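Undergrad: this one's sequence-less:
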């Protein structure tokens, strides 16, 4: 089985845990899978992508610096699973290159997911238009105002419409990522991944739209 390419967007102002939470879930899932099935290929190959020059760091919202694996121009930035974290999204929302990459990458992906305000980038790039989505509780009103055609849900950790999955704020991205691991590689791996992370996985009562 060929590992699914999980690509996580990074940009100046990204919320550190929006980025690191999914990164930790998918890399841990790959490690746990190989521990359970020695010699078997990992289910996920995880990398970060940023709108920077090669070797140039991204500065997260709280000042943490990240060095992405790929630039937007790299062929290896193509994704089977695209994850767009939230944060201070004004700059990437105004970046034609970033929006074009999100739209192009999403078009070829099996699954597209957002964390927190990352859904604003999916909407600005035209990846979500009328789907049910969610975001951080503090940003629900702005999301409805800026993209009134979206079916914005509140009171859920994530919304799964099939190919598009969006989560509420920050730590909800970890819950959503475990849900994606369950969808892509099975409940056992998702539960063992949560256990390995010593994380109390919060499931939705109604995770799908």
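TA: Done, it's in. Since the model is a prediction, treat every value here as computed from it, not as a measurement.

Undergrad: what distance do you get for the residue lying closest to residue 110 once chain neighbours are set aside to residue 105?
TA: Distances taken as CB to CB, 6 or more residues apart in numbering place residue 80 nearest to residue 110, at 4.8 Å, with adjacent residues excluded. Every C-beta, even on glycine, is put in place using the N, C-alpha and C of the backbone. Separation of residue 80 from residue 105 (CB to CB, to the nearest Å) stands at 10 Å.

Undergrad: which one of these two is surrounded by more residues?
TA: residue 105 (21 against 17; other CB atoms under 10 Å).

Undergrad: show residues contacting the helix or strand hosting the more buried one.
TA: Element membership of residue 105 [criterion: DSSP states H and E] is helix 96-107. With CB atoms under 8 Å, 6 or more residues apart in numbering as the test, helix 96-107 has contacts from 7, 9, 11, 49, 51, 72, 77-79, 82, 84, 92-93, 112, 121-122, 124-127.

Undergrad: just checking, residue 64 touches residue 15?
TA: No: assessed by CB atoms under 8 Å, residue 64 is found out of contact with residue 15, at 10.0 Å.

Undergrad: the more surrounded of the two?
TA: More neighbours surround residue 15 than the other of residue 64 and residue 15, with 25 against 15 (other CB under 10 Å).

Undergrad: how about stretch 174-187: buried residues?
TA: By neighbour count on 16 or more other CB atoms under 10 Å, the buried set for stretch 174-187 is 174, 175, 176, 177, 178, 179, 180, 181, 182, 184, 185.

Undergrad: would you mind giving those as TSV with distance to residue 138 and secondary structure added?
TA: Listed next are the buried residues of stretch 174-187 as TSV, based on distance: CB to CB, whole Å; DSSP: H, G, I helix; E, B strand; the rest coil:
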residue	distance to residue 138	secondary structure
174	18	helix
175	18	helix
176	18	helix
177	21	helix
178	23	helix
179	22	helix
180	24	helix
181	27	helix
182	28	helix
184	30	helix
185	32	helix
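
Undergrad: which SS class is the residue nearest the centre of the chain?
TA: Residue closest to the average C-alpha location in the chain (CA atoms, centre = their mean): residue 83, at 2.5 Å. At residue 83 the chain is in strand, as set by DSSP: H, G, I helix; E, B strand; the rest coil.

Undergrad: got the contact list for it?
TA: 6, 7, 8, 9, 22, 113, 114, 115, 118, 177.

Undergrad: show the pLDDT at it.
TA: pLDDT for residue 83: 98.
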